[in-house]
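Participant: Sequence unavailable; structure follows:
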Ligand SMILES: C[S@@+](CC[C@H](N)C(=O)[O-])C[C@H]1O[C@@H](n2cnc3c(N)ncnc32)[C@H](O)[C@@H]1O
């Protein structure tokens, strides 16, 4: 992110969620009625452009962006049902959880941690649209590469002694390994009952050649936006490192499992690409 510019890929993710509602079949994998609101005019138009959004790259991205949120929010639901009261959305971008879940306003505090540029842009869009910030949202500007997320969270009122669910979607591939594991270690040191659901980019033998080809082509466009994908993990390596970091349970979700759960029987060409990993690590 150059200068004060917000993340272009955060806007891209919101555009994919908006596009899913307009172009893909029912049932929707994930419904985000706020996605369109956060878009500029160019992306609003593009979200509904069947030709532009019909390529294998955009379908793979749309599948990932929708299923990762559906999966994570199901985990958040059970965390809250079990009495959890703190959620941290890391690299929140234009995530609309707090806006959609007014039912949780008195039960759950949501800390949105994001790069200062992107977070400022999100808050400006809310202000410009005369949308009140949800009263249970706490905005915590943090650059994972240069700031201590824990210190900033504590300053914003986060309580380390309470179980916390962390959501970290579409972010680790933009970070160094050091920044990624510094944050995962922060979660691993949290109180019992805490967990993180996060996405990572997969390398190694579990990636199919056709999915790899799509990612290689997609990565050229992503790099041109100034936010290159730089961080990849082999599933068995990241699982082992998560245990070393101190997690007691790690669920590394397999492509076949995600495919079956979110895409079985669909006729709109969405699928879970084997280039994307989703892990849920519990303290
Ligand atoms: C692809 S977007 C994903 C946004 C959101 N999680 C979603 O699923 O829509 C990547 C996010 O990572 C954030 N990000 C990238 N590098 C970062 C850094 N060094 N520190 C903090 N946030 C960062 C961006 O600001 C952006 O919000």
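Facilitator: Arrived safely, thanks for sending. Since the model is a prediction, treat every value here as computed from it, not as a measurement.
Participant: who's in contact with the residue of the stretch 151-283 of the chain found nearest the ligand?
Facilitator: In the stretch 151-283 of the chain, the residue found nearest to the ligand is residue 170; the distance is 3.5 Å by Cβ to the nearest ligand atom. (Each C-beta comes from the backbone N, C-alpha and C, glycine too.) With contact set as Cβ atoms under 8 Å, 6 or more residues apart in numbering, residue 170 has these partners: 9, 13, 64, 65, 68, 91, 93, 199.
Participant: Out of those residues, name the ones that lie in strands.
Facilitator: residue 199 (DSSP state E).
Participant: Quick check: of the contacts of residue 170, which lies closest to residue 51?
Facilitator: residue 65 (19.4 Å; Cβ to Cβ).
Participant: what about the nearest residue to the closest one once chain neighbours are set aside, which SS state?
Facilitator: Counting by Cβ to Cβ, 6 or more residues apart in numbering, residue 65 lies nearest to residue 16, which is 4.4 Å off, once chain neighbours are set aside. Of the three states, residue 16 takes helix according to DSSP: H, G, I helix; E, B strand; the rest coil.
Participant: Which pLDDT does the model give residue 16?
Facilitator: On pLDDT, residue 16 comes in at 98.
Participant: coming back round to it: please narrow the contacts of residue 170 to those residing in helices.
Facilitator: Counted as lying in helices by DSSP state H, out of the contacts of residue 170, are 9, 13, 64, 65, 68.
Participant: Residues contacting stretch 15-26, please?
Facilitator: 28-33, 35-36, 39, 43-44, 46-48, 50, 53-54, 58, 61-62, 65-66, 69, 266-268, 270.
Participant: One more: stretch 95-103?
Facilitator: Counting by Cβ under 8 Å, 6+ apart, 32-35, 38, 69, 73, 76, 87, 89, 108, 110, 112, 131, 134, 136-137, 167, 169 sit against stretch 95-103.
Participant: Residue of this structure nearest the ligand, please.
Facilitator: residue 93 (2.6 Å).
Participant: how many other residues sit next to the nearest residue to that residue once chain neighbours are set aside?
Facilitator: Distances taken as Cβ to Cβ, 6+ apart place residue 10 nearest to residue 93, at 3.2 Å, with adjacent residues excluded. If you count neighbours by other Cβ atoms under 10 Å, residue 10 ends up with 26.
Participant: what's the first-to-last distance across stretch 238-252?
Facilitator: Using Cα to Cα, to the nearest Å, one end of stretch 238-252 lies 9 Å from the other.
Participant: how about the residue nearest to residue 11 when sequence neighbours are not counted, what does it touch?
Facilitator: Once flanking residues are discounted, residue 11 sits nearest to residue 43: 5.9 Å by Cβ to Cβ, 6+ apart. Applying Cβ under 8 Å, 6+ apart to residue 43 gives the contacts 11, 12, 14, 15, 18.
Participant: Show me which residues of the stretch 1-150 of the chain sit near the ligand.
Facilitator: For the stretch 1-150 of the chain, the contact set with the ligand under Cβ under 6 Å from any ligand atom comprises 7, 9-10, 13, 91-95, 114-115, 118, 142-145.
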